[in-house]
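>>> predicted structure and sequence below. I'll ask about it afterward.
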Amino acid sequence: MSAEDNKRLVRRFYEEIDKGNLDAMDELVAENYVDHNPPPFPGLAEGREGLKQSFKIFWKATPGHHDIEDQIAEGDKVVTRLTSYGQHEGDLPGAPKTGNDLKMTSITIHRIANGKLVEKWSEKDMINFLQQIGVMPRMPQHG
(Lines give C-alpha, C1' and ligand atoms only; values in the text may rest on other atoms or scores of the structure.)
Protein backbone atom coordinates (compact mmCIF):
# COMPACT_ATOMS: atom_id res chain seq x y z
CA MET A 1 0.00 0.00 0.00
CA SER A 2 1.16 3.54 -0.70
CA ALA A 3 1.60 6.20 1.97
CA GLU A 4 -1.68 7.80 0.81
CA ASP A 5 -3.48 4.42 1.05
CA ASN A 6 -2.15 4.02 4.59
CA LYS A 7 -3.35 7.52 5.56
CA ARG A 8 -6.79 6.74 4.09
CA LEU A 9 -6.95 3.53 6.16
CA VAL A 10 -6.21 5.42 9.39
CA ARG A 11 -8.74 8.15 8.52
CA ARG A 12 -11.37 5.48 7.85
CA PHE A 13 -10.52 3.83 11.19
CA TYR A 14 -11.38 7.05 13.04
CA GLU A 15 -14.48 7.67 10.88
CA GLU A 16 -15.85 4.22 11.73
CA ILE A 17 -15.13 4.73 15.43
CA ASP A 18 -16.96 8.06 15.31
CA LYS A 19 -19.98 6.26 13.81
CA GLY A 20 -19.81 3.61 16.54
CA ASN A 21 -19.24 0.96 13.86
CA LEU A 22 -17.15 -1.59 15.72
CA ASP A 23 -17.89 -4.25 13.09
CA ALA A 24 -15.61 -2.32 10.71
CA MET A 25 -12.69 -3.17 12.99
CA ASP A 26 -12.74 -6.72 11.59
CA GLU A 27 -11.91 -5.27 8.17
CA LEU A 28 -9.48 -2.55 9.30
CA VAL A 29 -7.54 -4.09 12.20
CA ALA A 30 -5.46 -7.27 12.31
CA GLU A 31 -6.63 -9.96 14.72
CA ASN A 32 -3.28 -9.90 16.56
CA TYR A 33 -3.26 -6.06 16.83
CA VAL A 34 -0.87 -4.72 19.49
CA ASP A 35 -1.72 -1.52 21.38
CA HIS A 36 1.47 -0.39 23.12
CA ASN A 37 -0.56 2.12 25.19
CA PRO A 38 -3.81 0.31 26.07
CA PRO A 39 -6.38 1.93 28.35
CA PRO A 40 -6.15 0.86 32.00
CA PHE A 41 -9.37 -1.13 31.96
CA PRO A 42 -9.25 -4.52 33.69
CA GLY A 43 -10.12 -7.73 31.89
CA LEU A 44 -9.80 -6.66 28.25
CA ALA A 45 -9.00 -9.33 25.68
CA GLU A 46 -5.81 -9.28 23.63
CA GLY A 47 -5.60 -8.01 20.06
CA ARG A 48 -8.48 -6.71 17.97
CA GLU A 49 -11.11 -7.99 20.42
CA GLY A 50 -9.54 -5.95 23.23
CA LEU A 51 -9.55 -2.87 21.00
CA LYS A 52 -13.26 -3.41 20.27
CA GLN A 53 -14.02 -3.85 23.99
CA SER A 54 -12.16 -0.65 24.82
CA PHE A 55 -13.91 1.40 22.16
CA LYS A 56 -17.28 0.03 23.27
CA ILE A 57 -16.58 1.27 26.82
CA PHE A 58 -15.51 4.71 25.55
CA TRP A 59 -18.35 4.95 23.00
CA LYS A 60 -21.01 4.35 25.67
CA ALA A 61 -19.43 6.59 28.32
CA THR A 62 -17.93 9.40 26.22
CA PRO A 63 -19.62 9.63 22.81
CA GLY A 64 -17.97 12.10 20.50
CA HIS A 65 -15.72 12.43 17.49
CA HIS A 66 -12.12 12.85 16.34
CA ASP A 67 -10.71 15.74 14.30
CA ILE A 68 -7.54 14.85 12.43
CA GLU A 69 -5.22 17.86 12.51
CA ASP A 70 -2.18 16.40 10.68
CA GLN A 71 -1.05 13.13 9.14
CA ILE A 72 2.41 12.07 8.04
CA ALA A 73 3.07 8.71 6.40
CA GLU A 74 6.29 6.97 5.56
CA GLY A 75 6.88 3.31 4.83
CA ASP A 76 4.47 1.19 6.87
CA LYS A 77 3.70 3.87 9.49
CA VAL A 78 1.21 6.74 9.76
CA VAL A 79 1.54 9.49 12.37
CA THR A 80 -1.71 11.26 13.19
CA ARG A 81 -2.11 14.36 15.37
CA LEU A 82 -5.70 14.57 16.45
CA THR A 83 -8.15 16.09 18.86
CA SER A 84 -10.88 13.96 20.41
CA TYR A 85 -14.13 15.56 21.58
CA GLY A 86 -16.88 14.01 23.64
CA GLN A 87 -19.08 14.24 26.68
CA HIS A 88 -18.73 12.17 29.84
CA GLU A 89 -22.30 10.78 29.70
CA GLY A 90 -21.64 7.39 31.29
CA ASP A 91 -19.46 5.73 33.88
CA LEU A 92 -15.90 4.73 33.05
CA PRO A 93 -14.08 2.25 35.29
CA GLY A 94 -13.16 4.32 38.35
CA ALA A 95 -14.80 7.49 36.99
CA PRO A 96 -18.56 8.01 37.45
CA LYS A 97 -20.20 10.17 34.80
CA THR A 98 -19.75 13.93 35.24
CA GLY A 99 -21.61 15.27 32.20
CA ASN A 100 -18.48 17.29 31.42
CA ASP A 101 -17.46 18.19 27.90
CA LEU A 102 -14.22 16.45 26.98
CA LYS A 103 -11.34 17.46 24.75
CA MET A 104 -8.09 15.51 24.44
CA THR A 105 -5.18 15.93 22.08
CA SER A 106 -2.98 13.04 21.02
CA ILE A 107 -0.30 11.94 18.61
CA THR A 108 -0.69 8.37 17.44
CA ILE A 109 1.51 6.16 15.29
CA HIS A 110 -0.08 3.19 13.51
CA ARG A 111 1.88 0.47 11.74
CA ILE A 112 0.14 -1.16 8.79
CA ALA A 113 0.71 -4.59 7.26
CA ASN A 114 -1.36 -6.39 4.60
CA GLY A 115 -3.85 -3.52 4.49
CA LYS A 116 -4.67 -3.60 8.21
CA LEU A 117 -3.63 -1.78 11.35
CA VAL A 118 -1.27 -4.06 13.27
CA GLU A 119 0.36 -1.86 15.93
CA LYS A 120 -0.30 1.44 17.71
CA TRP A 121 1.75 3.81 19.88
CA SER A 122 0.09 6.89 21.32
CA GLU A 123 0.89 9.93 23.45
CA LYS A 124 -2.25 11.52 24.89
CA ASP A 125 -2.94 14.49 27.15
CA MET A 126 -3.99 12.13 29.95
CA ILE A 127 -3.64 14.63 32.81
CA ASN A 128 -6.14 16.97 31.21
CA PHE A 129 -8.45 14.02 30.41
CA LEU A 130 -8.31 12.73 34.00
CA GLN A 131 -9.11 16.24 35.25
CA GLN A 132 -12.08 16.51 32.88
CA ILE A 133 -13.59 13.21 34.08
CA GLY A 134 -13.10 14.16 37.73
CA VAL A 135 -10.40 11.61 38.61
CA MET A 136 -7.64 14.17 39.17
CA PRO A 137 -8.07 17.67 40.64
CA ARG A 138 -7.41 20.65 38.43
CA MET A 139 -4.40 22.69 39.40
CA PRO A 140 -5.11 26.30 40.42
CA GLN A 141 -4.31 28.85 37.73
CA HIS A 142 -1.81 31.51 38.70
CA GLY A 143 -1.93 34.77 36.84
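Right, received. Where do you want to start? Numbers count the residues shown, from 1 in each chain.
>>> contact partners for residue 54?
38-39, 41, 44 (C-beta atoms under 8 Å, 6 or more residues apart in numbering). Every C-beta, even on glycine, is put in place using the N, C-alpha and C of the backbone.
>>> make TSV from those residues and add pLDDT, distance to residue 62 and neighbour count to it.
Below are these laid out as TSV (pLDDT from 0 to 100; distance: C-beta to C-beta, whole Å; neighbours: other C-beta atoms under 10 Å):
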residue	pLDDT	distance to residue 62	neighbour count
38	84	16	14
39	82	11	16
41	83	13	14
44	92	17	17
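>>> tell me which of these is nearest to residue 64?
residue 39 (15.3 Å; C-beta to C-beta).
>>> now the closest one: which helix or strand?
Residue 39 belongs to no helix or strand when elements are defined using DSSP states H and E.
>>> quick check on it: phi, psi?
When read as degrees, to the nearest 10, the backbone of residue 39 gives phi -70, psi 150.
>>> contacting residues for it?
54, 57-58.
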